[in-house]
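Student: sequence first, predicted model second:
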Amino acid sequence: MIMANYIPTGRTSRILRGSAELQIQTEYACRPEPKITTTVFSRGRVIHKIEQELGLPIASQEEMFKVEGLLRKQHVEVIQIVDNDNFMTYLQRQEPSASPNIPKTITDKLNSIDFVEKVFRIDSNGTIDFDSPSSDFKKKFSAIFKNLHELIDIFQQLPGGKREEGVYAIEQGRLYLLSTGYEFFLVLTNSNDESAKLEKKLQMIIKS
């Protein structure tokens, strides 16, 4: 009961430096041991991780506020580390060269699928942080935007701040919500009678 009542809010940030894109996520986990974990992703790959052990689970609101302060501090410190010329140079040296025609990010991979019209990335707080949807899109799917947090909860919370991976059909053959575990995507399609084939492709990208 204690662990369920006091869960500090995680933080997610994105750094763009030329062609390099880094995603930084800091979360509290109470199992197997209470800790704060900050993970840095590049093109869906974990490239850096920092963990701070907390000892005992959070047992009061006062303790939760204290842990939230530690979480914010750790998140900012990691951002300062990765948003550094030396770190970016190191990262670019580690990345294998690739043909410009090969999709590099999950967004690129989703956009490369036949029938996909638009892809919107959603962070762990339920905020769309890439291109803003058009007013027509928001009007047509207004109920979706009002309940993004509830939709995200379709994917069960796992230890370490991760959620279940998967594809959820909001509107069969038209609108899908995808979870990679640490981020989410709204995918607008016009698959018509090809929905089964499309959903299989979406599942493959999530697991790739």
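Tutor: Great, that's in hand. Note that the structure is predicted; figures quoted are calculated from it, not measured.
Student: against E51, how distant is the residue most central in space within the chain?
Tutor: The centre of the chain sits closest to E183, judged by CA atoms, centre = their mean, with a distance of 1.7 Å. Using CB to CB, to the nearest Å, one obtains 20 Å as the distance from E183 to E51. Placement of C-beta: from N, CA and C, glycine included.
Student: can you check R43 too?
Tutor: 22 Å.
Student: repeat for I58
Tutor: Distance from I58 to E51, by CB to CB: 16 Å.
Student: okay, these two: which has more neighbours?
Tutor: I58 (22 against 14; other CB atoms under 10 Å).
Student: identify each buried residue in stretch 108-121, please.
Tutor: 109-110, 113, 115-116, 119-121 (16 or more other CB atoms under 10 Å).
Student: for that stretch, what is the distance to the chain centroid?
Tutor: Counting by CA atoms, centre = their mean, to the nearest Å, stretch 108-121 is centred 16 Å from the centre of its parent chain.
Student: now the terminal residues of that stretch, how far apart.
Tutor: 11 Å (CA to CA, to the nearest Å).
Student: start the count at 302, not 1, going forward
Tutor: Okay, residue one is now 302; in that scheme the one you just asked about reads as stretch 409-422.
Student: G370 looks like it's in a helix, true?
Tutor: Yes: assigned with DSSP: H, G, I helix; E, B strand; the rest coil, G370 falls within a helix.
Student: burial of it, as a residue count?
Tutor: 11.
Student: can you name the element that comes right after the worst-scoring helix or strand of the chain on mean pLDDT?
Tutor: None of the helices or strands of the chain scores lower by mean pLDDT, DSSP states H and E than helix 303-306, at a mean of 51. Using DSSP states H and E, the next helix or strand after helix 303-306 towards the C-terminus is strand 312-318.
Student: for that following strand, give the mean pLDDT please.
Tutor: Throughout strand 312-318, pLDDT has a mean value of 83.
Student: what residues does the helix or strand that that strand is followed by touch?
Tutor: Counting by DSSP H and E, the next helix or strand C-terminal to strand 312-318 is strand 321-330. When contacts are defined by CB atoms under 8 Å, 6 or more residues apart in numbering, strand 321-330 is touched by residues 308-309, 311-316, 335-344, 348, 359, 368, 372, 375-376, 379-380, 383, 389, 392-393, 396, 406, 425, 460-462, 483-484.
Student: strands - which of these land there?
Tutor: 312-316, 336-343, 348 (DSSP state E).
Student: would you turn these into CSV with neighbour count and distance to I453?
Tutor: Shown next, in CSV, are these (neighbours: other CB atoms under 10 Å; distance: CB to CB, whole Å):
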residue, neighbour count, distance to I453
R312, 20, 16
T313, 18, 12
S314, 19, 18
R315, 15, 18
I316, 16, 23
K336, 16, 23
I337, 24, 21
T338, 19, 19
T339, 25, 21
T340, 20, 18
V341, 22, 22
F342, 19, 18
S343, 20, 23
I348, 16, 25
